[in-house]
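**Student:** Sequence and predicted structure below; questions after.
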Amino acid sequence: MAKKIGVYVCECGNNIADNVDIDRIIKTISPMRNIEVIEKYRLLCSEDGKEFLKQSIKDNELTHLVVAACSPKQHEQTFMNVCLAAGLNPYLFQMANIREQCAWVTPDKEEATDKAIRQITAAIARVAYQEALGKRDIDVSPDVLVIGGGIAGIRAAQVLASSDRKVYLVEKSSSLGGKVKSFDKLFTKMESGSALIDKELRKVEKDENVEVFTDSEVEQILGFFGNFEIKVVKEATGEEREFNVGAVVLATGFDLMDLKALPQYGYDKLQDVYTSIEFEEMNVPGGPTSGKILLKNGKPPGSVAIIHCVGREEKGYCSKVCCMYSLKFARMLQDRLPEAKVSQIYSDLCIPGKAYQKFYDETKGLGVEFIHGEKINITQNGKGITVKYESNSGQGIDLAVDMVILVPAMEPGNDTNRFAEMLGIPVDNEGFLAQEHQLLAPVASSVEGVFVVGCTQGPKNISESIVQSEAAAGKILSTLVPGRKLELEVKTSEISETFCTGCKTCISVCPYSAINFDNSRKIAVVNEALCHGCGVCAAACPSGAARVKNFAFTQIYQEVEALLK
Amino acid sequence: MENNKNSISVLVIGAGIAGIESSLLLANSGAKVYLVEKASYFGGNIIKCEEVFPNMECATCMIAPKQQELLQSESIELLTLSEVEDVQGSVGDFTVKVKKRARYVNLENCIGCNECFGPCPVEVDNEFEEKLSKRKAIYIPCPGALPNAPVIDTDNCLRFKGENCQLCQENCVFDAIDYTQQDESLELNVQAIVVATGFKTYDLTQAPQYGYGKLNNVYSMVEVERICASNGPTEGQIVLRNGKAPESVAIIHCVGREEKGYCSSVCCMASIKQAHFLKNKIPGLKITQLYSDLCVPGRVYQRFYEEVKESGVDFIRATVSEVKGQGTGVAIKYKTENGEENTLNVDMLILAPAIEPGVDSARLADILGIPQDEHGFFNEKEPDLDSVDTSREGVFIAGCAQSPKDVPDTVAEAEATVGKILSLSR
């Protein structure tokens, strides 16, 4: 079929008309090949303009359209909609920006016009090689898999489950509740962690749309956003369950740094040096000391040092919540052992937000000592312990105490890597799961439909972890709507079966894990449901087999050649 | 609430990063969104920044795609120059009254060509630019502001003061300027409300010991953001009021913290960011940070601090006792932790003010029937557990309206409000 290209030049009131010689453009362009019609219009984005354009596309039976006007950022969508209304495939349309890139960048009308002609010629050269693309959509499952039954996972399940959406909540240990369950008190309200978990769990247990798996591991996650195939195995019995979900929420939590690597703190060598988790356990009524704060000799301590930031320097990050729970420990000690002297040795107090400083001020007011100290070394001294630290003035000072509580850095939970590999999510230098965008997409991962919440993606307090779970729920509820299909990216990449040599370069560079290797044919295959059309594969492919629809080499070469002619 | 999620409508108050994120997600779910913004532009505080920590991304470039998506969404009605005046009803059925002030510029006709500013004879301080530059009575706050259309400031416009000036209208070839536009009262029916009214910074004249407002070379951090901005009053040239580039800068953290009684969470990182930016612009610049505690929480912020420190920025833990003029510069008297007293002379002093709830918070708390805390931030329903809910069912809060926080936590809260709203309808 012969190509009939229509070119429409917008005057943009006087914005383009004053600085670009539109008549000269028309005179130059109109004799070019395949140009069926070229016209100027005062304001193409106006209602009249759009109507004129629609009618003209129809009347001239155009096969391709070029609009020379403002930035495509402003009105590309506007004119694509006009194409649709006129019955022209909107991907057979190209915009030439002769306002921001020509009229507005030079006072020299001749130069502006020359450049405008080049840009329009380039658009014409390119549009002739563009292909008609259609919107595609797929059926999706609205159901969700939540991995990790701590406070974050429980809240995610609560918000997501409904009569038309099932949630599978998988926990590897024997019960839900995560770390919070074992905390006797939580800052800042000093309420019981297990009572909180019980309250939260009641909402999930009542809900028939939540299916809980305990003692279970997720063994397999295949597929893509909207259509993941999941396999869960019950550890004890080996019983397998398979089901489909549309999205996955990873809430696998944290662990504490192993302190054996830091001998200067005396952990595991000195009797009464504890980690924060061990101190928490000591306070739980059903714990090893029946809820009493006791030294190994069975007596209550008369003095306690709480050492902040253990491992911070080695890790290279601040674990965010340790200052606050160290304050909480001081409160617990003051409450149970009012006679005990409590000293906090810290490097920086990190108590952000509207509520925490008050808690600090109150704790300080109870007589807790706060010492800014660095370079800590802990040794046995007779029956007691000596904490040596360097004070502000650089002086070495010894503090004698009965008990030391070390507050270690938080690390990603030990499952994090397994899931990162299973799903193809990058981990950062510290081993936490990376987000799609640190600022704008804080709970999305780079794999569409997989969300990372709570301490899986960095140290967080309870409040922030819960908010992240609700955020993941917001993202899922707004995209996986029951009964609605999912629209796919139109300009995806494709790999030519003929040219692909099976070198897998594209697979290694794809940021969305959207390319698989077909072992039977020994070629790479794009999963269009995952592809974002970023074009990295096309740039990397050594044999020219990968290309992005409507960013084919022919189209780009035609465009560049016309620009440089 | 009805079971059909496609039919819900939501009011979002405040079109900063939080309000934008909530609106886009809600629209994506099929909801109708009314996004009410009191300014003539949208984007909130973040569009005042040139770059944002920790990756030093261009802030306006980062959120421009979101702004474009919002402007093109058919489900979102962006109501600029608008304020909520009354809210009645309960979750699932709120009746909201919104007052929409006249822009006197027709958004349909205006293409944002800016031809109307030139002829306007009025010149006043530009508040958006922290009064570091002038604007006309018909103006946009800064280049790139969206929607790309000016507004007439009737307090200063000669015509609205009774004179017979119509120069802007005469210079508009699109017939976009309409002096007859009237304020409108809208009545909306919505099922839920998101309050995302953001923050303002502590009034530095309340802390006279730092010399702000009296000494020429003492700046607020917000002013410095605009000086760093390529679309700002100096087009990104780092210069003092006398037009000269500074050779030494001090940044004082935590200004107003003691008075307010809380840590504003983001100022350490913002101070470090400004040091990073200034150092890049003026490589030989000597920068000293005077801080009390460094609050660089989470997995990435400390690394950013270390990088900046290694680039030659000094960090001193100190209490500042006095700031005085010294020649053309500033003399800062401070005491270090071990009691040593010192004086630091610099060309430029930057103050990092505490973060306060947005100007409208008290009025809105009253209209919405939701409590504020002692500092004026909106109270969440239950601290730590229900951070985005309020005591009034169906009314949600996100971002700095609730407590000072950084961009990722703000965006997460905005997304969380959507999770809560969409789970209401069952």
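**Tutor:** Received the coordinates, thanks. Residues are numbered from 1 along each chain as shown, chains lettered A, B, ... in the order given.
**Student:** can you give me phi and psi for A:Glu390?
**Tutor:** Recorded main-chain torsions at A:Glu390 are phi -100, psi 120, according to degrees, to the nearest 10.
**Student:** So it sits against A:Asn377, correct?
**Tutor:** No. Applying C-beta atoms under 8 Å, one finds A:Glu390 not in contact with A:Asn377, separated by 9.4 Å. The C-beta positions use only the backbone N, C-alpha and C, and glycine is treated the same way.
**Student:** So, low pLDDT: which residues of the stretch 251-400 of chain B?
**Tutor:** Applying pLDDT under 70 to the predicted model, the stretch 251-400 of chain B contains no residue that meets it.
**Student:** which parts of it sit against chain A?
**Tutor:** Along the stretch 251-400 of chain B, the residues adjacent to chain A under the rule C-beta under 8 Å from any C-beta of the partner chain are B:257, B:261-265, B:293-303, B:306, B:317, B:336-338, B:373, B:375, B:377, B:383-388.
**Student:** Those, buried ones only, as a ChimeraX selection?
**Tutor:** Here is the ChimeraX selection string for the buried members of those, based on 16 or more other C-beta atoms under 10 Å in any protein chain shown:
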select /B:257,262,263,264,265,293,294,295,296,297,298,299,300,301,302,303,317,373,375,377,383,384,385,386,387,388
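**Student:** Which of the residues of the stretch 251-400 of chain B next to chain A fall in strands?
**Tutor:** Taking DSSP state E, the ones among those that sit in strands are B:Arg317, B:Thr336.
**Student:** Reduced to three states, what does A:Gly474 come out as?
**Tutor:** helix (DSSP: H, G, I helix; E, B strand; the rest coil).
**Student:** Enumerate every residue touching it.
**Tutor:** Residues touching A:Gly474, when contacts are defined by C-beta atoms under 8 Å, 6 or more residues apart in numbering or on different chains, comprise B:Leu25, B:Glu415, B:Ala416, B:Thr417, B:Val418, B:Gly419, B:Lys420, B:Ile421, B:Leu422.
**Student:** Let me have those in a markdown table, adding distance to A:Pro426, secondary structure and neighbour count as columns.
**Tutor:** Listed next are the contacts of A:Gly474 as a markdown table, based on distance: C-beta to C-beta, whole Å; DSSP: H, G, I helix; E, B strand; the rest coil; neighbours: other C-beta atoms under 10 Å in any protein chain shown:
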| residue | distance to A:Pro426 | secondary structure | neighbour count |
| --- | --- | --- | --- |
| B:Leu25 | 24 | helix | 24 |
| B:Glu415 | 21 | helix | 33 |
| B:Ala416 | 24 | helix | 30 |
| B:Thr417 | 28 | helix | 34 |
| B:Val418 | 26 | helix | 32 |
| B:Gly419 | 25 | helix | 28 |
| B:Lys420 | 30 | helix | 21 |
| B:Ile421 | 31 | helix | 29 |
| B:Leu422 | 29 | helix | 27 |
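**Student:** From those residues, list the ones also adjacent to chain A.
**Tutor:** Checking the contacts of A:Gly474 against chain A (C-beta under 8 Å from any C-beta), the matches are B:Leu25, B:Glu415, B:Ala416, B:Thr417, B:Val418, B:Gly419, B:Lys420, B:Ile421, B:Leu422.
**Student:** Out of these, which is nearest to A:Ala157?
**Tutor:** Minimum separation from A:Ala157 among the ones next to chain A among the contacts of A:Gly474 (C-beta to C-beta) is found for B:Gly419, which lies at 11.9 Å.
**Student:** just checking, A:Val159 touches A:Val467?
**Tutor:** No. With contact taken as C-beta under 8 Å, A:Val159 and A:Val467 are classed as non-touching, separated by 11.0 Å.
**Student:** Comparing the two, which shows the higher neighbour count?
**Tutor:** A direct count of neighbours by other C-beta atoms under 10 Å in any protein chain shown for A:Val159 and A:Val467 places A:Val467 higher, at 34 against 23.
**Student:** Hmm, the more buried one is touching B:Val388, no?
**Tutor:** Yes. Assessed by C-beta under 8 Å, A:Val467 is found in contact with B:Val388 at 6.6 Å.
**Student:** I'd like the contacts of A:Gly474 as TSV, with pLDDT appended.
**Tutor:** Formatted as TSV, the entries for the contacts of A:Gly474 read as follows, by pLDDT from 0 to 100:
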residue	pLDDT
B:Leu25	98
B:Glu415	98
B:Ala416	98
B:Thr417	98
B:Val418	98
B:Gly419	98
B:Lys420	97
B:Ile421	97
B:Leu422	96
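**Student:** okay, now A:Lys115: neighbour count?
**Tutor:** Burial of A:Lys115, expressed as a neighbour count using other C-beta under 10 Å, amounts to 19.
**Student:** quick one: pLDDT of it?
**Tutor:** Residue-level confidence at A:Lys115 comes out at 97, pLDDT.
**Student:** Please apply the same query to B:Cys113.
**Tutor:** The per-residue pLDDT of B:Cys113 was computed as 88.
**Student:** For it, which non-adjacent residue is spatially closest?
**Tutor:** Nearest residue to B:Cys113, sequence neighbours excluded (C-beta to C-beta, 6 or more residues apart in numbering or on different chains): A:Asn15, at 5.0 Å.
**Student:** can you tell me the helix or strand for A:Gln271?
**Tutor:** When elements are defined using DSSP states H and E, A:Gln271 is found to belong to no helix and no strand.
**Student:** doesn't A:Lys296 make contact with it?
**Tutor:** Yes. Counting by C-beta under 8 Å, A:Lys296 is a contact partner of A:Gln271 at 4.7 Å.
**Student:** Who has more neighbours out of these two?
**Tutor:** Just comparing A:Gln271 and A:Lys296: by other C-beta under 10 Å the higher neighbour count belongs to A:Gln271, 16 against 10.
**Student:** residues contacting the more buried one?
**Tutor:** Counting by C-beta under 8 Å, 6+ apart, A:Gln271 makes contact with A:Leu295, A:Lys296, A:Gln380.
**Student:** out of the residues you listed, which are inside strands?
**Tutor:** Taking DSSP E as the definition of strands, the contacts of A:Gln271 contribute A:Gln380.
**Student:** Take the contacts of A:Gln271 and lay them out in JSON lines including pLDDT and distance to chain B.
**Tutor:** Written out in JSON lines, the entries for the contacts of A:Gln271 read as follows (pLDDT from 0 to 100; distance: C-beta to the nearest C-beta, whole Å):
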{"residue": "A:Leu295", "pLDDT": "96", "distance to chain B": "32"}
{"residue": "A:Lys296", "pLDDT": "94", "distance to chain B": "34"}
{"residue": "A:Gln380", "pLDDT": "94", "distance to chain B": "30"}
